[in-house]
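Enquirer: When you get a sec, could you give me coordinates for this:
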Amino acid sequence: MDDSPRHETYTHGYSDLVIRHLSRRTAEQDADLLLPHLLPDMCVLDFGCGPGSITLGLASAVAPGEVVGIDIAPSMVEYARRLAEEHGVGNARFEVASVYELPFPDKSFHAAFGRSILEHLADPLKALQEVRRVLRPDGVLAVDDIDWGGHVFAPPDPLIEEAVTLYVKALRRNGANPWRGRELRALLRTAGFTRVVASAGAGDILGTPQGTREFGELWAGLLTRPEFIDQMSQLGWADRLRLEEMAAASRAWGGQPDAFWVLVLCKALGWVE
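Expert: Numbering: from 1, shown residues only. This next block holds a predicted model:
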């Protein structure tokens, strides 16, 4: 069956498990490529900000400057606003907006950041060109994305291999590109950024009992999300029973004392002349 993209959607969804996973991200760990280039009083855009945990760290780095987080999902923006209020961060604000149509004038920001957003977009070049529009001369952009061509896990399990293959297939169907990470440097250059540099490292390194257990639960939740089950069933790719078997294998894997999983995270940095 043809698995080419038909539309664009966030395949992971916005369950409590996904939000908790995203909320563990920090600027120190996940925006490390950008942080050395930030200074007090800068204005920064965090596009695809999700629950806002990285945004708050960026706000600390540029205080008393401002960070604006945007996300297409109203639920994420509301969550981020609550998080900022709980932590008393007054120089971060959040708006519902699409990266394809940013509601900001030209040359509004000194820097921009996008964590695991381009991989989910059907037209990442258009998004990058829009981000470039709102950056000032000498503005800097940092992006990073997972490349699913580099995941490693142990011990081996045929059901988990099947789940990964199926999920990658679903990402493509939903307009994403599971191998976007390797394209970041080319995308930034094509979008008009200069002095583009790229690197890669380990993304989520899961090698502790808590880490693997939580990731196993996360995978199980992704595979058994009602929307995912419905889509896979309608496409004839997997029925509910098979997805539940994969989910059970994911939970079992997460509880094994020698479980290990790592994903390759690709990063790129570019400037506006």
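Enquirer: now the one residue sitting closest to the centre of the chain: how far from residue 20?
Expert: Centroid-nearest residue in the chain, with Cα atoms, centre = their mean: residue 116, separated by 2.4 Å. Here residue 116 is placed at a distance of 16 Å from residue 20 (Cβ to Cβ, to the nearest Å). C-beta coordinates here come from the backbone N, C-alpha and C atoms, glycine included.
Enquirer: Likewise for residue 113?
Expert: When residue 113 is compared with residue 20 (using Cβ to Cβ), they lie 21 Å apart.
Enquirer: nearest spatial neighbour of residue 220, skipping sequence neighbours?
Expert: Using Cβ to Cβ, 6 or more residues apart in numbering and skipping residues adjacent in sequence, the residue nearest residue 220 is residue 247, 3.7 Å away.
Enquirer: for the strand or helix carrying that neighbour, packing partners?
Expert: Following DSSP states H and E, one finds residue 247 within helix 240-254. With contacts taken as 3 or more Cβ pairs under 8 Å, 6 or more residues apart in numbering; DSSP states H and E, helix 240-254 sits against helix 158-173, helix 209-223, helix 226-235.
Enquirer: which stretch among the ones you listed comes nearest residue 195?
Expert: Residue 195 lies closest to helix 158-173 among those, at 30.6 Å (Cβ to Cβ).
Enquirer: could you give the mean pLDDT of the closest one?
Expert: Averaging pLDDT along helix 158-173 gives 94.
Enquirer: C-terminal to that helix, which secondary structure element comes first?
Expert: The next secondary structure element downstream of helix 158-173 (using DSSP H and E) turns out to be helix 184-190.
Enquirer: Quick one: residues in contact with stretch 209-227.
Expert: 12-13, 15, 17-18, 21, 160, 163, 167, 204-206, 228, 243-244, 246-248, 250-257, 259-261 (Cβ atoms under 8 Å, 6 or more residues apart in numbering).
Enquirer: burial measure for the residue nearest to residue 220, as a count.
Expert: 20 (other Cβ atoms under 10 Å).
Enquirer: picking that back up, so which of residue 113 and residue 20 has more stuff around it?
Expert: residue 113 (30 against 13).
Enquirer: who does that one bridge with?
Expert: The bridge-partner assignment for residue 113, based on DSSP bridges, gives residue 46, residue 142.
Enquirer: what residue of the protein is the furthest out?
Expert: residue 241 (28.8 Å).
Enquirer: Could you list every helix and strand that the helix or strand where residue 136 lies packs against?
Expert: Take DSSP H and E as the rule and residue 136 turns out to sit in strand 135-154. With contacts defined as 3+ Cβ pairs under 8 Å, 6+ apart, the packing partners of strand 135-154 are strand 109-115, helix 124-134, helix 158-173, helix 184-190, strand 194-206, strand 260-271.
Enquirer: Show me what counts as buried in stretch 203-221.
Expert: For stretch 203-221, a neighbour-count test (16 or more other Cβ atoms under 10 Å) marks 203-204, 206, 211-221 as buried.
Enquirer: Also stretch 49-67?
Expert: Of all the residues in stretch 49-67, those buried under the rule 16+ other Cβ under 10 Å are 49-63, 65-67.
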